[in-house]
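> Sequence first, predicted coordinates after that:
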Amino acid sequence: MRLKYYEIQVKVSLPLFMFNLFKKDKPAEPTPIPQQPTTLPSSIPEAPILDQATNNLSWAEKLKQGLSRTRNQLGGQLVGLFGGGKIDDDVYEELETILLTSDVGVAATQKLLDDIKNRVKRQSLSDNSQLREALKQALLELLTPLQKPLVTSTHKPFVIMLTGVNGAGKTTTIGKLANQFQAEGKSVLIAAGDTFRAAAREQLQVWGERNNVHVVTQDGGDPAAVIFDAVNSAKAKGIDIVMADTAGRLPTQLNLMEEIRKVQRVIDKALPGAPHEVLLVLDANTGQNAVMQVNAFDDALGVTGLVLSKLDGTAKGGVIAAIAQSRPIPIRYIGVGEDIADLRPFNASEFIEALFS
Ligand SMILES: Nc1nc2c(ncn2[C@@H]2O[C@H](COP(=O)(O)OP(=O)(O)OP(=O)(O)O)[C@@H](O)[C@H]2O)c(=O)[nH]1
């Protein structure tokens, strides 16, 4: 059956709403609960076929809206700079300042400027209004290597271990991805490896029950043991995808970094070669700090993919270029909001178009 986009929204947004509702200890004031539909799906939903045109349009708009702060920071200043006139050193200097203040970082700014200068020479550009397109092309060249969507069909179960600092968006990402994977017809199992936060386990469990996603937990558990059990359970049940949640940690907390390295080793014992994806979730609001997080987590774990969340709340979206320059690990998904449809695979040209629209 072909579902219209708004129908899918109802089907998938409600489970995520419930997920967020149960995820954290909520303040005392009542949270509005939607009146309909009142029944939650009792089985894994059939894979919906998205209405591609409507869906793309909606995502393009969301992305544009989500990137508005970054666009205002970057694009707003560029409009003035690229308003027409001679290309000279002053223009390059001002462009450098704009890029640096947009969290692009020193190395990526230098790389982009060199690239633009080469384009100016090669294409004999003379008017600064032509620099806009040159900058777009330079950015596209820098960001395209990061556009490598996550393919989960290579292993069964395909094991994804999520990591990141506290509050980066790991658990929310798990909820969004679980719904998306289910919508593609894949079975999902979640390992509640965030044993640090007492309520996290029960919250994930409640969410899992309501959405027919099996959540493996353990009383007073060691995260490695919980995830080991989860992987074995997924093997026995023929599950397609395991997502292992882990507690938030700072790369400077060496004992916690050692703990997650152990989790990784134990997953490999349960299923040699796993985890197949080490997904680092980054809060885009952290700007240049995100670059340091990528380096530190990658050094410790060998990160295979990134999720850049909360691009909607920040003017620091330029950090994506800094990451591309310093450690070009694929950005699997970007997040521009809290709804399920607000997390999508990263597409470089789509991103740049939204940034310059
Ligand atoms: N605006 C916005 N909010 C987001 C996005 N992604 C996640 N959030 C919110 O960010 C907050 C923190 O997300 P969590 O998923 O709890 O983060 P976490 O990494 O699991 O946190 P810990 O378990 O404490 O380490 C939640 O309130 C999410 O709803 C996004 O793309 N945009």
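That came through, no problem.
> From now on I want contacts and neighbour counts done on CA atoms only, so please keep to that.
OK.
> hey, where'd the strands end up in the stretch 151-300 of the chain?
158-163, 188-193, 214-216, 241-246, 277-283 (DSSP state E, counting those that start in this stretch).
> Please name whichever of the ones you listed is nearest to Asp114.
Proximity to Asp114 (CA to CA) singles out strand 277-283 among those, at 28.1 Å.
> quick one, the closest one and strand 158-163 angle?
Interaxial angle, strand 277-283 versus strand 158-163 (axes from the mean of the first three to the mean of the last three CA atoms, to 10 degrees): 30 degrees.
> List the neighbouring strands of strand 277-283 plus their orientation.
strand 158-163 (parallel), strand 305-309 (parallel) (DSSP bridges).
> Can you give me every residue that contacts Ser126?
Contact partners of Ser126, counting by CA atoms under 8 Å, 6 or more residues apart in numbering, are 86-87, 120.
> which one of these is nearest the ligand?
Distance to the ligand across those (CA to the nearest ligand atom) is lowest for Val120, with 36.5 Å.
> pLDDT score for that closest one?
Per-residue confidence (pLDDT) for Val120: 95.
> just Lys111 next, same as before
97.
> Point out the residues in the stretch 51-200 of the chain that sit beside the ligand.
The stretch 51-200 of the chain comes close to the ligand at residues 165-172, as judged by CA under 6 Å from any ligand atom.
> want to throw those into TSV with neighbour count?
As requested, these are exported to TSV (neighbours: other CA atoms under 10 Å):
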residue	neighbour count
Val165	20
Asn166	15
Gly167	14
Ala168	23
Gly169	23
Lys170	26
Thr171	26
Thr172	20
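> Show me what the mean pLDDT comes to for stretch 270-289.
For stretch 270-289, the per-residue pLDDT averages 96.
> Equivalent analysis for stretch 173-193, please.
Taken as a whole, stretch 173-193 has an average pLDDT of 93.
> Now it: buried residues?
For stretch 173-193, the neighbour count (16 or more other CA atoms under 10 Å) marks 173-183, 186-193 as buried.
> Convert it to CSV, retaining C-alpha atoms only.
Backbone C-alpha positions of stretch 173-193 (Å, rounded to 0.1, in the frame of the first residue of the first chain) are rendered in CSV as follows:
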residue,chain,number,x,y,z
THR,A,173,19.0,9.0,17.4
ILE,A,174,18.4,5.4,18.3
GLY,A,175,14.7,6.0,18.5
LYS,A,176,14.6,7.8,15.1
LEU,A,177,16.7,5.1,13.5
ALA,A,178,14.7,2.3,15.0
ASN,A,179,11.6,3.7,13.5
GLN,A,180,13.2,4.3,10.1
PHE,A,181,14.8,0.8,10.0
GLN,A,182,11.4,-0.7,10.9
ALA,A,183,9.8,1.3,8.2
GLU,A,184,12.2,-0.2,5.7
GLY,A,185,11.0,-3.6,6.9
LYS,A,186,14.0,-4.5,9.1
SER,A,187,13.9,-6.0,12.5
VAL,A,188,15.6,-4.1,15.2
LEU,A,189,16.9,-4.9,18.7
ILE,A,190,18.2,-2.3,21.1
ALA,A,191,20.8,-2.9,23.8
ALA,A,192,20.3,-0.6,26.8
GLY,A,193,24.0,-0.1,27.4
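> Now render the strands of the stretch 151-300 of the chain as CSV, adding distance to Arg71.
Shown next, in CSV, are these (distance: least, CA to CA, whole Å):
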stretch, distance to Arg71
strand 158-163, 28
strand 188-193, 36
strand 214-216, 39
strand 241-246, 32
strand 277-283, 18
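> Is Leu271 in contact with Ala230, as I believe?
No: with contacts counted by CA atoms under 8 Å, Leu271 stays clear of Ala230, the gap being 10.8 Å.
> Compare those two (neighbour count), which wins?
Ala230 (27 against 18; other CA atoms under 10 Å).
> Who are the contact partners of that one?
With contacts defined as CA under 8 Å, 6+ apart, Ala230 is in contact with 189-191, 216, 242.
> ok, which pair from the residues you listed is furthest apart?
Pairwise distances across the contacts of Ala230 (CA to CA) peak at 10.1 Å, for the pair Val216 and Val242.
> Tell me who's in contact with Leu150.
Counted by CA under 8 Å, 6+ apart, Leu150 has contacts 305, 332.
> any idea how far Ala191 lies from Arg332?
The gap separating Ala191 from Arg332 is 20 Å, by CA to CA, to the nearest Å.
> Close to the ligand: what parts of the stretch 251-357 of the chain are there?
309-310, 312-313, 335-338.
> want to throw those into a markdown table with secondary structure and pLDDT?
Listed next are those as a markdown table, based on DSSP: H, G, I helix; E, B strand; the rest coil; pLDDT from 0 to 100:
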| residue | secondary structure | pLDDT |
| --- | --- | --- |
| Ser309 | strand | 95 |
| Lys310 | coil | 94 |
| Asp312 | helix | 91 |
| Gly313 | helix | 84 |
| Gly335 | strand | 94 |
| Val336 | coil | 92 |
| Gly337 | coil | 90 |
| Glu338 | coil | 86 |
